[in-house]
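A.B. asks: Compute the structure for the input listed below.
(2 chains)
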Amino acid sequence: MAEDPVEHLIALLARIPGLGRRSARRAALRMLADPSRLMLPLAAALEAAAAAVRPCSVCGNLDAADPCRICADTRRERGLLCVVEGVADLWALERGGAYRGLYHVLGGVLSPLGGVGPEQLAVEGLLARVAAGGVEEVILALPATVEGATTAHYLSDRLAGSGVNVTRLAQGVPIGGALDVLDDGTLAAALRARRPA
Amino acid sequence: MPVEWQAPAVVLSARPYGEGAALVTLLTEAYGRHAGLAKGGASRAQAALWQAGNLVEARWLARLPEQLGALAGELVHATAALAMEDPLALALLSSATALAEAALPEREAHPAVFCGLVSILARLVQGPEEVFADLVRWEALLLAELGYGLDLSACAATGETRDLTHVSPRSGRAVSMRAAVHYLDRLLVLPPFLLQEGDPGEPQDWLAGLRLTGHFLEKRLFAATHRALPDARQRLQDRLAAIVEGGG
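C.D. replies: Here you go, the predicted structure:
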């Protein structure tokens, strides 16, 4: 017996991060109420993105062009290379608008438990980009977790002797953050990273 | 009837589970290595809590003892955050937690292993050099607790109790310099601090100690279950070797 298309739609929507089965059902109902305005354009957009979007062969960003629009942008500061764990982090930095250099997406962080070693990450690609010349500073914008910090130290070791300046993002009090609600670890990191006022 | 406990614990690992939860493994004194599901454990609010190496006050609750159960916790000592800036301290923390996670059987109490690990992690903020000798002693204790203890009381060949300088890679028993002299290339170096409680040792001694315990961890403990030494343990040894051999 063929599967009910509505149930099939709900099951597919429920796989999307942020949507459980209940939310998927609501989304499906809303789309089915107006298929020509909500559903068909969405289906066309999904198909077009699936066909066109690929990881950039230079930095690992997701884009319809290869090299991606960031790598191809000649107005970017090409001496700055920001290393991020994933594309979501790259997009977050782009949303911030404070960074105008290039990126390198590692594709994860070192995780012994998850079976992720250096060979599973885009480390060799990073080293090749640095060795090719033109990079003056590598910014390690990796998560402030044990795994992220381990990866940062590993990359720092691998980049030692390459002649580039290797830096990391600061850790501390977030904008608008009150001290009494910060966790002890963040407070300790903020104290350690204090600077002249 | 629900079962629950509340106890001080060391976070050994936390893996994302679903969208916001985390599958957390802890080490406790009375309940051993114990896993549980931390709801919201991978969320922004809780991610800092469930970092490997952190000391927490944990509460575990389940309907039946054999269930995974739910975990909640409160931070006692933010070891991970304090160690993150120092590559050697972070490598030490990662090695110790990965080793405890991989080596200890689940829900089997090993109070001495727990207390030893807590002592190391609590003092790690003073610098890795302050706890390195104790880490090697802790690894030897871990081997002993799991049935692969080293016998450093007397020379395996002569029975001497003084001048013990090496360990047999086969038996795990100490060998005196007099007996070892013709087999130096086949024996493991016994660092003096392992024979003297309180001796902090030197970096080259720590490296010899890591090579000694690493040999038995790899060949006895992990080989018995066809597993390799955790990567984090190997990385610690490599990092220390680079420091010792590079003179830094």
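A.B. asks: Can you tell me the element the residue in chain B that chain A sits nearest to falls in?
C.D. replies: Residue of chain B nearest chain A, by C-beta to the nearest C-beta: B:Ala81 (2.8 Å). In this view, the C-beta of every residue, glycine as well, is placed from N, C-alpha and C. Using DSSP states H and E, B:Ala81 sits within helix B:79-83.
A.B. asks: What average pLDDT does that helix get?
C.D. replies: Averaging pLDDT along helix B:79-83 gives 91.
A.B. asks: Same question for stretch B:125-137.
C.D. replies: Here the average pLDDT along stretch B:125-137 is 95.
A.B. asks: quick one, what contacts the residue of chain B closest to chain A?
C.D. replies: A:144, A:184-186, A:188-189, B:48, B:51 (C-beta atoms under 8 Å, 6 or more residues apart in numbering or on different chains).
A.B. asks: And the contacts of the host helix or strand of A:Ile10?
C.D. replies: According to DSSP H and E, A:Ile10 maps onto helix A:5-13. With contacts defined as C-beta under 8 Å, 6+ apart, helix A:5-13 is touched by A:19, A:21, A:23-25, A:27-28, A:32.
A.B. asks: swap in stretch B:26-36?
C.D. replies: By C-beta under 8 Å, 6+ apart, stretch B:26-36 touches B:5, B:7-12, B:23-25, B:56, B:58, B:60, B:62, B:68-71, B:100-101, B:104-111, B:113-115, B:117.
A.B. asks: ok, back up a step: who wins for most neighbours among the contacts of B:Ala81?
C.D. replies: B:Gln51 (26 neighbours; other C-beta atoms under 10 Å in any protein chain shown).
A.B. asks: Secondary structure class of it, three-state.
C.D. replies: coil (DSSP: H, G, I helix; E, B strand; the rest coil).
A.B. asks: low-scoring stretches of the chain, by residue?
C.D. replies: If you meant another chain, say so; for now it's chain A. Under the criterion pLDDT under 70, the flagged ranges of chain A are A:1-2.
A.B. asks: that's the wrong chain, I meant chain B
C.D. replies: B:1-2, B:247-248.
A.B. asks: Just the CA atoms of the helix holding B:Ala81, as PDB, please.
C.D. replies: Once non-C-alpha atoms are left out, helix B:79-83 reads as follows in PDB (Å, rounded to 0.1, in the frame of the first residue of the first chain):
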ATOM      1  CA  THR B  79      38.700  22.500  35.500                       C
ATOM      2  CA  ALA B  80      38.200  22.600  31.800                       C
ATOM      3  CA  ALA B  81      37.900  26.400  31.500                       C
ATOM      4  CA  LEU B  82      41.000  26.800  33.700                       C
ATOM      5  CA  ALA B  83      43.100  24.300  31.700                       C
END
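A.B. asks: Checking the longest strand seen in chain B against chain A, do any of its residues make contact.
C.D. replies: Identified as the longest strand of chain B according to DSSP state E is strand B:3-17. Yes - using C-beta under 8 Å from any C-beta of the partner chain, strand B:3-17 comes into contact with chain A via B:13, B:15.
A.B. asks: need the contact list for the closest residue to B:Gly149 other than its chain neighbours.
C.D. replies: Using C-beta to C-beta, 6 or more residues apart in numbering or on different chains and skipping residues adjacent in sequence, the residue nearest B:Gly149 is B:Leu143, 5.7 Å away. The contact partners of B:Leu143, by C-beta under 8 Å, 6+ apart, come to B:149-150, B:213, B:216-217, B:220-221.
A.B. asks: did I read that right, B:Leu143 in a helix?
C.D. replies: Yes - per three-state DSSP, B:Leu143 lies within a helix segment.
A.B. asks: ok, residue 65 - contacts?
C.D. replies: Because you didn't say which chain, this covers chain A. Taking C-beta under 8 Å, 6+ apart as the test, what A:Ala65 contacts is A:Ala72.
A.B. asks: if you could check chain B rather than the one you did, that'd help
C.D. replies: So B:Pro65 contacts B:Val3 (C-beta under 8 Å, 6+ apart).
A.B. asks: Next one: it from B:His34, what distance?
C.D. replies: Going from B:Pro65 to B:His34 by C-beta to C-beta, to the nearest Å gives 11 Å.
A.B. asks: likewise A:Ile70?
C.D. replies: For A:Ile70 relative to B:His34 (C-beta to C-beta), the value is 45 Å.
A.B. asks: Neighbour count for the two, which is higher?
C.D. replies: B:His34 (24 against 19).
A.B. asks: nearest spatial neighbour of residue 82, skipping sequence neighbours?
C.D. replies: Unless you meant another one, I'm taking chain A. Nearest to A:Cys82 is A:Ile139, by C-beta to C-beta, 6+ apart, at 4.5 Å.
A.B. asks: meant chain B, my bad for not saying
C.D. replies: Using C-beta to C-beta, 6+ apart, the closest residue to B:Leu82 is B:Val125 (4.6 Å).
A.B. asks: Please apply the same query to B:Thr213.
C.D. replies: B:Glu139 (3.9 Å).
A.B. asks: Thanks again, I'm all set now.
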